[in-house]
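Trainee: next one to model:
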Amino acid sequence: MNKGAAAPQEEPPVIEIKLSWCKSCGICVEYCPKHVLAMQDGYPVVVDREACNRCQLCDLRCPDFAITVR
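Mentor: Numbers count the residues shown, from 1 in each chain. Reported below is the predicted structural model:
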């Protein structure tokens, strides 16, 4: 292994929000430890995808299964 070679950059996750399923509760925004999501016009939006650490707390806590992290 070449110690001087840079490690490959990991791609940020894909965060999909199904607005038609969302009831605007904001739970996903509140549980995100990295402030990846924010409420805008009553719905969650991704504001900093690169900060996502794939913990999936938003995905796991959403009562409507409206958000998916892949």
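Trainee: show me where this structure has strands.
Mentor: For the chain, the strands defined by DSSP state E cover 15-17, 37-40, 43-46, 67-69.
Trainee: closest one to residue 29 among those?
Mentor: Distance to residue 29, taken as C-beta to C-beta, is lowest for strand 37-40 among the strands of the chain, at 4.6 Å. Glycine gets a C-beta too; all of them are placed from N, C-alpha and C.
Trainee: what's the closest one packed up against?
Mentor: helix 27-31, strand 43-46 (3 or more C-beta pairs under 8 Å, 6 or more residues apart in numbering; DSSP states H and E).
Trainee: dump those to CSV, plus mean neighbour count and mean pLDDT.
Mentor: Below are those laid out as CSV (neighbours: other C-beta atoms under 10 Å; pLDDT from 0 to 100):
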stretch, mean neighbour count, mean pLDDT
helix 27-31, 18, 98
strand 43-46, 18, 98
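Trainee: nearest to residue 53, out of these?
Mentor: Short answer: helix 27-31, nearest of those by C-beta to C-beta, at 12.7 Å.
Trainee: just the CA coordinates for the closest one, please, in PDB.
Mentor: Output in PDB follows, covering the C-alpha atoms of helix 27-31 (Å, rounded to 0.1, in the frame of the first residue of the first chain):
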ATOM      1  CA  ILE A  27     -38.900  15.200  14.000                       C
ATOM      2  CA  CYS A  28     -36.200  14.400  11.400                       C
ATOM      3  CA  VAL A  29     -34.800  17.900  11.800                       C
ATOM      4  CA  GLU A  30     -34.700  17.700  15.600                       C
ATOM      5  CA  TYR A  31     -33.000  14.300  15.700                       C
END
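Trainee: for it, packing partners?
Mentor: By 3+ C-beta pairs under 8 Å, 6+ apart, helix 27-31 packs against strand 37-40, helix 57-61.
Trainee: now the first one: average pLDDT?
Mentor: Model confidence over strand 37-40, given as mean pLDDT, is 98.
Trainee: quick one: buried residues of that strand?
Mentor: residue 37 (16 or more other C-beta atoms under 10 Å).
Trainee: name the residues that touch that strand?
Mentor: 15, 24, 26, 28-29, 44-47, 58 (C-beta atoms under 8 Å, 6 or more residues apart in numbering).
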